[in-house]
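# no sequence for this one, just the structure:
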């Protein structure tokens, strides 16, 4: 009996890990095909109307989200049923985790900006510039697509791969933080700006460990990004 249970558990883990690896792979590979239709139809994106490019980009991101949801649909369905029953319990249990992560993020940003004079991360700077050009695009990507997609990939998919809770939290946090800052030619800037993103990435991963429901970090991520984008809207309108 025990051998049968162990065998089933191992089979379930292997299946989950393979689905997690597939979701991670798709997350990095699918964006490479975004410009394929332009090439097929010999279109110059520089001459396309801005509304068309924004609409197409939003549609493509939506399709990526749908594909990832399809890959992880079994666990998502289970979590959806669970969150409807226990959302109040999960919120009260994980609010403290979010506030701690937010506090570390704010404090580290304060140190970076005013003590180390590190400015803002290039990723954040790019988002602010894009926000001034196309606030609607940033609103949808930041408050809808990014929280859902990033939590499914950086939390759910990675948790499927690692059995160790500690290893999962660390790997998830570092990948999430690293992909938000790494890419510039300023190595020191990348490293110091990793800390704020790392704090949130770890807090979201820890939430998933505590609740074992992907909708918990998705919800807090949606709330976090929604607050930030709302503030940027206010600054843009009245600044």
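Structure received. Remember, it's a predicted structure, so these values are computed and weren't measured experimentally.
# what is the least confident helix or strand in this structure?
helix 122-133 (a mean of 67; mean pLDDT, DSSP states H and E).
# tell me the first helix or strand C-terminal of that one.
helix 135-140 (DSSP states H and E).
# enumerate the positions of that following helix that are buried.
137-140 (16 or more other C-beta atoms under 10 Å). C-beta coordinates here come from the backbone N, C-alpha and C atoms, glycine included.
# between those, which is closest to residue 26?
When the buried residues of helix 135-140 are ranked by distance to residue 26 (C-beta to C-beta), residue 140 comes first, at 20.5 Å.
# secondary structure element holding the nearest residue to that closest one once chain neighbours are set aside?
Among residues not flanking residue 140 along the chain, residue 58 sits closest, at 5.8 Å (C-beta to C-beta, 6 or more residues apart in numbering). Residue 58 belongs to helix 50-71 when assigned by DSSP H and E.
# buried residues in that helix?
54, 56, 58, 60-61, 64-65, 67-68, 71.
# helices or strands up against the helix or strand containing residue 179?
Element membership for residue 179, per DSSP H and E: helix 165-181. Applying 3 or more C-beta pairs under 8 Å, 6 or more residues apart in numbering; DSSP states H and E, one finds that helix 165-181 contacts helix 122-133, helix 158-161, helix 187-211.
# could you identify the longest helix within this structure?
Counting residues, the longest helix found in the chain (DSSP state H) is helix 73-110.
# thinking again about what came up before, just want the angle from the helix holding residue 58 to helix 73-110.
Interaxial angle of helix 50-71 relative to helix 73-110 (axes from the mean of the first three to the mean of the last three C-alpha atoms, to 10 degrees): 120 degrees.
# contacts for helix 50-71?
Outside helix 50-71, the residues that touch it by C-beta atoms under 8 Å, 6 or more residues apart in numbering are 19, 22-23, 26-27, 30-31, 34, 37, 45, 76, 134, 136-137, 140-141, 145, 148-149, 152-153.
# any quick PyMOL command for the buried ones out of those residues?
Only the buried entries of the contacts of helix 50-71 go into this PyMOL selection, using 16+ other C-beta under 10 Å:
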select buried, resi 19+22+23+26+27+76+134+137+140+141+148+149+152+153
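# pick out the residue nearest the middle of this structure.
residue 150 (2.4 Å; C-alpha atoms, centre = their mean).
# what about that one, distance to residue 33?
20 Å (C-beta to C-beta, to the nearest Å).
# cool, and residue 207?
32 Å.
# repeat that for residue 232.
30 Å.
# now do residue 61
Residue 61 sits 12 Å away from residue 33, going by C-beta to C-beta.
# equivalent analysis for residue 194, please.
From residue 194 to residue 33 the distance is 29 Å (C-beta to C-beta).
# other residues contacting whatever helix or strand residue 230 lives in?
With elements taken from DSSP H and E, the one containing residue 230 is helix 215-238. With contacts defined as C-beta under 8 Å, 6+ apart, helix 215-238 is touched by 79-80, 83, 87, 90-91, 94, 98, 102, 128, 131-132, 135, 138-139, 142-144, 146-148, 150-152, 155, 200, 204-205, 207-208, 210.
# do the same with stretch 169-176
Residues contacting stretch 169-176 (C-beta under 8 Å, 6+ apart): 150, 154-155, 158-159, 162, 194, 197-198, 200-202, 204-206, 209.
# got it, and stretch 85-103?
With C-beta under 8 Å, 6+ apart, stretch 85-103 has contacts from 83, 199-200, 202-204, 206-207, 210-211, 213, 215-216, 219-220, 224.
# which pair in those spans the largest distance?
Checking the contacts of stretch 85-103 with C-beta to C-beta, the most distant pair is 83 and 199, at 24.3 Å.
# quick one: which of these two has more around it?
residue 199 (22 against 18; other C-beta atoms under 10 Å).
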